[in-house]
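In: I would like the atomic coordinates for the input below:
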Amino acid sequence: MESKKERQKKILSVTKRLLIFAGITLILTVLLFIPTFIFESRFYTSWLSFECGIIGGFVSIQQRLKTIDNDELNLLSESWASILLVPIYGGIFALVLYVIFLSGLLEGHLFPYFDLPEFHEPTNTDDIIKLLRETYPATASDFAKLIFWSFVAGFSERFVPQVIHKVGQTGNQE
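Out: Residues are numbered from 1 along each chain as shown. Below you'll find the model as predicted:
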């Protein structure tokens with residue numbers, strides 16, 4: 001049986017690792033966005049969505065630490081990969097949710113709306129590049145909604161899979 005003191009040490013170890021990775025992620029984000037401000041260039045909304053999902057994953061793990069069982073705590077305290085998995089999944093889920101928003105599969109006043117560039121007929125590589133570089137939330141409110149939902153995608157591991165399932169069911173009914 002593991003003592004309370006040993007458990008607290010493991011929780012502290014996991015917390016330190018989370019903080020280190022979160023710090024590295026934030027530094028990387030700042031470094032990626034510096035050219036945006038210095039050269040007044042555009043930033044990629046998809047990257048921001050990914051980062052918010054990662055942060056949501058960090059917060060999710062940190063909140064669950066005190067209630068997880070000893071086996072999971074042992075795994076997290078002994079492995080960087082186990083700690084990084086949830087935030088990275090959170091970032092991926094945030095990107096999937098971003099694509100769902102762009103596609104219009106999930107709409108409503110609670111969700112962000114985007115100004116999308118026009119595509120040519122037939123679609124070409126320049127259209128895809130414009131989609132990646134020039135797609136932004138339509139308003140400040142839509143921007144805030146994107147940040148919020150990207151965080152939720154990372155924080156709640158079941159949210160995006162449930163959205164995907166629901167969209168799949170809706171598609172099968174049509």
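In: Every contact and neighbour count from this point should use C-alpha atoms.
Out: Noted.
In: in what helix or strand does L146 lie?
Out: Element membership for L146 (DSSP states H and E) is helix 140-155.
In: and that helix, average pLDDT?
Out: Throughout helix 140-155, pLDDT has a mean value of 96.
In: what packs against it?
Out: helix 45-64, helix 80-103, strand 136-137, helix 159-173 (3 or more Cα pairs under 8 Å, 6 or more residues apart in numbering; DSSP states H and E).
In: Export the ones you listed as a markdown table, with columns for distance to F148.
Out: Below are the helices and strands packed on helix 140-155 laid out as a markdown table (distance: least, Cα to Cα, whole Å):
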| stretch | distance to F148 |
| --- | --- |
| helix 45-64 | 8 |
| helix 80-103 | 10 |
| strand 136-137 | 13 |
| helix 159-173 | 13 |
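In: between those, which gets nearest to A22?
Out: helix 45-64 (7.3 Å; Cα to Cα).
In: roughly how far out does the helix or strand where L26 lies sit from the chain middle?
Out: Using DSSP H and E, L26 sits in helix 4-38. In terms of Cα atoms, centre = their mean, to the nearest Å, the centre of helix 4-38 is set 15 Å apart from its chain centre.
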